[in-house]
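Asks: Here is the input, now give the coordinates:
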Amino acid sequence: LCPDCDRPLERIQEESWFFKLSAFEQPLLDFYEAHPDFIQPETRRNEVISFVKGGLKDLSISRSTFDWGVPFPFDEKHVAYVWVDALINYLSAVGYGAEGAEAAETLAYRWPAQCHVVGKDIIRFHCVIWPAMLMAAGMPITHTVFGHGFLLTKGEKMSKSKGNGLMPADLVRVFGVDAYRYYFMSDVTHGADSPISWGRMRQVYNADLANSWGNLVSRTLNMSMKYFDGCAPARPANFDEPSPLRDACDGVFERYAACMETMDYSGATAEVLKIVSA
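Replies: Down below sits the predicted model:
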């Protein structure tokens with residue numbers, strides 16, 4: 001049975017063209033070693049390296065039992081199979097294969113991509129098959145592929161068939177766009193599976209945005225109106241002296257930027273909340 005959908009396996013046989021993926025086993029391992037930041041996070045990198053070291057088999061890239069799809073130029077009885085033509089879209093969408101100076105300029109500007117964000121279940125396609133295809137074509141490879149985890153509801157991956165999904169539009173109607181973004185930045189660990197729920201979203205909204213941030217803004221504006229006619233007060237003479245609030249702010253821009261560079265969004269929001277708490 002299929003481990004994902006639980007349907008019974010059906011064996012079929014047809015003629016197929018293959019991509020010689022086995023020839024790229026060592027070139028891929030050499031590339032991973034020379035570019036340690038290519039696959040992130042580290043757990044995904046270890047998974048891919050272990051998979052490639054286990055040996056690569058040549059890859060079926062065509063189908064001959066149906067005719068819908070992109071026909072092979074050297075054998076029109078065959079059409080390209082999904083992962084090959086899908087992956088090439090990353091290049092063709094930014095000018096690869098098109099004629100003219102404008103297409104060449106667009107391709108040079110947009111490829112290679114700096115960071116490609118994909119789901120963890122398709123990491124092998126983007127970190128094994130795709131770079132091997134690019135090597136075969138003599139094209140530069142994406143700088144970084146980041147494999148993110150699943151959003152889980154009641155401990156399970158969201159599924160249309162199970163009907164256990166949370167619709168973004170529904171969440172935005174209740175919490176608003178900014179609070180929606182804040183929740184997924186602060187409470188979801190990018191790169192790992194993360195449980196989400198209506199209850200947890202309300203908890204984060206009330207604790208961080210209402211009671212912490214909202215309370216701070218309310219008090220600050222009220223005191224500004226009450227004591228300074230709604231204007232920011234003049235900088236005090238002892239402004240440069242150490243203070244708990246000053247200590248909390250010291251270096252925050254650099255720490256925030258470092259978190260964002262590594263897609264540690266929860267770490268970035270935590271840096272902001274330190275100031276709010278102070």
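
Asks: What is the neighbour count of residue 118?
Replies: Other residues within reach of residue 118, judged by other Cβ atoms under 10 Å, total 16. C-beta here means a position set from N, CA and C on the backbone, and glycine is covered the same way.

Asks: My read is that it contacts residue 126, right?
Replies: Yes - under the criterion of Cβ atoms under 8 Å, residue 118 makes contact with residue 126 at 5.0 Å.

Asks: so what's in contact with those two at the same time?
Replies: Shared contacts of residue 118 and residue 126, defined by Cβ atoms under 8 Å, 6 or more residues apart in numbering, comprise 145, 147.

Asks: At which residues are the helices of the protein located?
Replies: 25-34, 42-53, 82-92, 101-110, 123-124, 130-137, 168-175, 177-186, 198-204, 215-228, 244-249, 252-261, 265-277 (DSSP state H).

Asks: helices or strands up against the shortest one?
Replies: For helix 123-124, the contact count by 3 or more Cβ pairs under 8 Å, 6 or more residues apart in numbering; DSSP states H and E identifies helix 42-53 as packing neighbours.

Asks: What are the contacting residues of the helix it packs on?
Replies: Helix 42-53 is contacted from outside by 25, 28-29, 32, 36, 38-39, 120, 123-124, 127-128, 146-147, 191-192, using Cβ under 8 Å, 6+ apart.

Asks: now it against helix 130-137, angle please.
Replies: 50 degrees (axes from the mean of the first three to the mean of the last three Cα atoms, to 10 degrees).

Asks: tell me the mean pLDDT for helix 42-53?
Replies: Mean per-residue pLDDT for helix 42-53: 96.

Asks: Equivalent analysis for stretch 252-263, please.
Replies: 93.

Asks: and that stretch, which residues are buried?
Replies: For stretch 252-263, a neighbour-count test (16 or more other Cβ atoms under 10 Å) marks 256, 259, 263 as buried.

Asks: repeat for stretch 185-203
Replies: So, applying 16+ other Cβ under 10 Å, buried residues of stretch 185-203: 185-188, 190-191, 194, 196, 201.

Asks: With adjacent residues omitted, what lies nearest to residue 78?
Replies: residue 62 (3.9 Å; Cβ to Cβ, 6 or more residues apart in numbering).

Asks: returning to that earlier point: would you turn the buried residues of stretch 252-263 into CSV with distance to residue 157?
Replies: Formatted as CSV, the buried residues of stretch 252-263 follow (distance: Cβ to Cβ, whole Å):
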residue, distance to residue 157
256, 31
259, 27
263, 21
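
Asks: For residue 80, state which of these is nearest.
Replies: residue 263 (32.2 Å; Cβ to Cβ).

Asks: I figured that closest one hits residue 192, correct?
Replies: No - at 11.5 Å, residue 263 does not count as touching residue 192 under the criterion of Cβ under 8 Å.

Asks: Tally up the residues packed near residue 269, please.
Replies: 18.

Asks: can you pull the pLDDT of it?
Replies: In this model, residue 269 carries a pLDDT of 94.

Asks: Can you name the residues that contact it?
Replies: 182, 185-186.

Asks: Using a markdown table, please lay out the residues you listed together with pLDDT and distance to residue 161.
Replies: Formatted as a markdown table, the contacts of residue 269 follow (pLDDT from 0 to 100; distance: Cβ to Cβ, whole Å):
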| residue | pLDDT | distance to residue 161 |
| --- | --- | --- |
| 182 | 95 | 31 |
| 185 | 92 | 29 |
| 186 | 93 | 30 |
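
Asks: Using JSON lines, please lay out the residues you listed together with distance to residue 80.
Replies: Below are these laid out as JSON lines (distance: Cβ to Cβ, whole Å):
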{"residue": "182", "distance to residue 80": "42"}
{"residue": "185", "distance to residue 80": "38"}
{"residue": "186", "distance to residue 80": "42"}
